[in-house]
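Student: Give me a 3D structure for the following:
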Amino acid sequence: SKIFFIFLIILFNNKFVFGKTTIGALNKVSGKVSKLIIEDDGEIFFGSLKIIAHTCTKSLPEEPPENKAFLEVWDIKYDQEDKKIFNGWMFSSSPSISALEHAVYDVWIIDCKPL
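Tutor: Residues are numbered from 1 along each chain as shown. Okay, here's the model as predicted:
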C-alpha cells in the first residue's frame, strides 16, 4: 500500500524532477557570463559565491515551459563569516520573482537536465 501511494504521488505530480541544474552567472564588474551545471545537492563556486542546487524540476510537456530550482547561495568572504544571501526557488520564466540580489553577481536558472 505504501508503494501504491508513492506511485500515485509520482503519477499525478505536475513536474519532472531532474538531477542537474544549469544556471547562468554574471560578474557585473568584469562582464563575464558563465554557464554552470550543478548536480542535485552539489555545490559550485562562482567568484565569492557558493551555489548549492538542491533540486530542479521541469513542467510537463503539455504545460507552459517552466524550470524551477531550489537554490541556496552563500557569499564567502575571507575576513568575515559566510553569509547566506539566497535560499529558495528560482524560476526560469520569471527570474525577477525570486532574484538573487548582490552588488557584484547575478545568478539565474536556465534549465534542468537529467543525470
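
Student: what are the bridge partners for A25, then?
Tutor: On DSSP bridges, the residues paired with A25 through beta bridges are S34, V107.

Student: Please apply the same query to A69.
Tutor: As for beta bridges, A69 partners with C56, M90 under DSSP bridges.

Student: gap between it and N87?
Tutor: 12 Å (CB to CB, to the nearest Å). In this view, the C-beta of every residue, glycine as well, is placed from N, C-alpha and C.

Student: ok, now L26?
Tutor: The span separating L26 from N87 equals 20 Å under the rule CB to CB.

Student: Compare neighbour counts for these two and give me the winner.
Tutor: More neighbours sit around L26 than around the other of L26 and N87, counting by other CB atoms under 10 Å; the figures are 17 against 12.

Student: Show the contacting residues for the residue nearest the centre of the chain.
Tutor: The centroid of the chain falls nearest to A69 when counting by CA atoms, centre = their mean (3.7 Å). Listed by CB atoms under 8 Å, 6 or more residues apart in numbering, the contact partners of A69 are T21, I23, A53, H54, T55, C56, T57, W89, M90, I109, C112.

Student: Can you tell me which of those are buried?
Tutor: Buried by 16 or more other CB atoms under 10 Å: T21, I23, A53, T55, C56, T57, M90, I109, C112, out of the contacts of A69.

Student: Three-state assignment for the first one, please.
Tutor: Put plainly, it is T21. Using DSSP: H, G, I helix; E, B strand; the rest coil, the secondary structure recorded for T21 is strand.

Student: surely it meets I38?
Tutor: Yes. With contacts defined as CB atoms under 8 Å, T21 counts as touching I38 at a distance of 5.0 Å.

Student: my read: T55 touches D40, true?
Tutor: Yes. Assessed by CB under 8 Å, T55 is found in contact with D40 at 5.6 Å.

Student: Please consider this matter closed, and thank you.
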